[in-house]
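A.B. asks: no FASTA, just this:
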């Protein structure tokens, strides 16, 4: 709130200078009508394929060439679709199973509470290569996510 003496000074200045009134009105109007810029959502789109030549320590038929890396303790929205046939994107340890239907966009929300590597597979009989559609989600700290992975997308 404006104190009594400051209020009186403002009233006196408004009476003395008509242009100040218009300027003050414009400032207030622009402040009320200005929009706070919305933060840009991070989009992450990629192709991932099963690793053919596994190394010691990798899981056979579950390891992929590019993992889905996500931050922990962050609300994440997955948008899932398919381009060919029905699929079912499932990562049981995260409690996620959602159908991927051609021409349809399905969504699911998730928060990963701990760091780690989570494995899943397509759980729909979608064709000859159904058993070769693994999913690997790697959860890392939000700080590490911002410093390492987001910088790659910006560059």
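C.D. replies: Ah, there it is. Just so it is clear, the structure is predicted and the values come from calculations on it, not from any experiment.
A.B. asks: pLDDT below threshold where in this protein?
C.D. replies: Applying pLDDT under 70 to the chain flags the ranges 1-4, 28-46, 151-155.
A.B. asks: where exactly do the strands run in it?
C.D. replies: Listed in chain order, the strands of the chain (DSSP state E) span 68-71, 75-80, 87-91, 96-100, 106-111, 116-122, 134-140.
A.B. asks: run through the neighbouring helices and strands of the second one.
C.D. replies: Secondary structure elements in contact with strand 75-80, counted by 3 or more CB pairs under 8 Å, 6 or more residues apart in numbering; DSSP states H and E, are strand 96-100, strand 106-111. For every residue, glycine as well, the C-beta is placed using N, CA and C.
A.B. asks: just to revisit the earlier point, please name whichever of the strands of the chain is nearest to residue 18.
C.D. replies: Of all the strands of the chain, strand 75-80 sits nearest to residue 18, with 51.0 Å by CB to CB.
A.B. asks: nearest to residue 51, out of the strands of the chain?
C.D. replies: Per CB to CB, nearest to residue 51 of those: strand 134-140, 8.8 Å.
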